[in-house]
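Student: have a look; sequence and predicted model below, questions after that.
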Amino acid sequence: MTRDDILDAAAQVFRQKGFHGASMSAIAEAVNLQKASLYHHVTSKQEILLALLDRALGMLTDHIAGIASQSLPADQKLRQMIRAYLSALAENGDLTAVLLFEHRSLDKKSHARHVPQRDKFEGLWRDVINEGIQTKVFDLKDPGLAVRALMGVMNWTLTWYSPEGGKTIEQIADEYSDFVLKGMLK
C-alpha cells in the first residue's frame, strides 16, 4: 500500500461522496486498510485534499506548459491547450473532479498554500491570451475575464461528459475552440 494508492482511492471517494460526506473510514475501506493504519500514511482529510489538489494542478500544468511555451501563433496554442486540458480532465476524472469541486473545502492555511499553484496554472492561459492580444490575433478587452470564462466552460464539461456519448472529448475540445476563436456570428 503506497501513499499514491491512498490518494487514488481518496479521489474516488471524494468524487462520489464529496469532501464533507467522505470519511477517513471510507477511504481506509477503499484501500483495504484499518482506519488506524490509514493514519500511518496521512494525518487528516485536509492533508489528503491538499495532496490531491497539488497532484491535479501539477498534472494539468505539465500538460499545458509545454504547449504554452511552443513557438506557435497564440490561437494554435490555445486550440492545443483546450484539447490537452479537456483530455486530461476526461482521463483523470476522479482527480480533476476533486480539484474542480472540492477546493472550497480547504481550510484557510491549506487554501493559502494552494492559491499560488492555481494562479500559476491560470497564468499559463492568460499569458497565451495576452500574447494573442499583443500579436493582434485576439481582440479582447479583459484577458482575465476571458480566461475565467474559458475555464468555466471547460471545467463544467466534467459534469456532463460521457465517453459513451455522441462525441469524443477531442471533438468537444475542437468545437469549444471554434466557439471561442470564431464566435457564433455568421
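Tutor: Ah, there it is.
Student: mind listing the helices for this protein?
Tutor: Counting by DSSP state H, the chain has these helices, from start to end: 3-17, 24-30, 35-41, 45-68, 74-91, 93-102, 108-134, 143-160, 169-182.
Student: contacts only, for His111.
Tutor: Contact analysis of His111 by C-beta atoms under 8 Å, 6 or more residues apart in numbering lists His103. No exception for glycine: its C-beta is placed from N, CA and C like everyone else's.
Student: touching the worst-scoring helix or strand of the chain on mean pLDDT from outside, list them.
Tutor: None of the helices or strands of the chain scores lower by mean pLDDT, DSSP states H and E than helix 35-41, at a mean of 88. Helix 35-41 is contacted by residues Met1, Arg3, Ile6, Met24, Ser25, Ile27, Ala28, Val31 when judged by C-beta under 8 Å, 6+ apart.
Student: kindly recompute the last result at 7 Å.
Tutor: Arg3, Ile6, Met24, Ser25, Ile27, Ala28 (C-beta atoms under 7 Å, 6 or more residues apart in numbering).
Student: ok, back up a step: mean pLDDT lowest where, among the helices of the chain?
Tutor: For the helices of the chain, mean pLDDT drops lowest on helix 35-41, to a mean of 88.
Student: C-alpha coordinates for the least confident helix or strand of the chain, PDB please?
Tutor: Extracted in PDB, the C-alpha atoms of helix 35-41 (Å, rounded to 0.1, in the frame of the first residue of the first chain):
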ATOM      1  CA  LYS A  35      -8.700   3.300   9.800                       C
ATOM      2  CA  ALA A  36      -5.800   3.400  12.300                       C
ATOM      3  CA  SER A  37      -3.400   2.100   9.600                       C
ATOM      4  CA  LEU A  38      -4.500   4.800   7.300                       C
ATOM      5  CA  TYR A  39      -3.200   7.400   9.800                       C
ATOM      6  CA  HIS A  40       0.200   5.800   9.400                       C
ATOM      7  CA  HIS A  41       0.300   7.300   5.900                       C
END
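Student: got the buried residues for it?
Tutor: Residues of helix 35-41 classed as buried: Leu38, His41 (neighbour count, 16 or more other C-beta atoms under 10 Å).
Student: now do stretch 125-140
Tutor: For stretch 125-140, by 16+ other C-beta under 10 Å, it's Trp125, Arg126, Asp127, Val128, Ile129, Asn130, Glu131, Gly132, Ile133, Val137, Phe138.
Student: ok, stretch 27-36 next?
Tutor: Neighbour count says stretch 27-36 has Ile27, Ala28, Ala30, Val31, Leu33 buried, by 16+ other C-beta under 10 Å.
Student: I'd like the residues you listed as TSV, with distance to Ser177 appended.
Tutor: Listed next are those as TSV, based on distance: C-beta to C-beta, whole Å:
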residue	distance to Ser177
Ile27	38
Ala28	43
Ala30	37
Val31	39
Leu33	44
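Student: many thanks, I have nothing further to ask.
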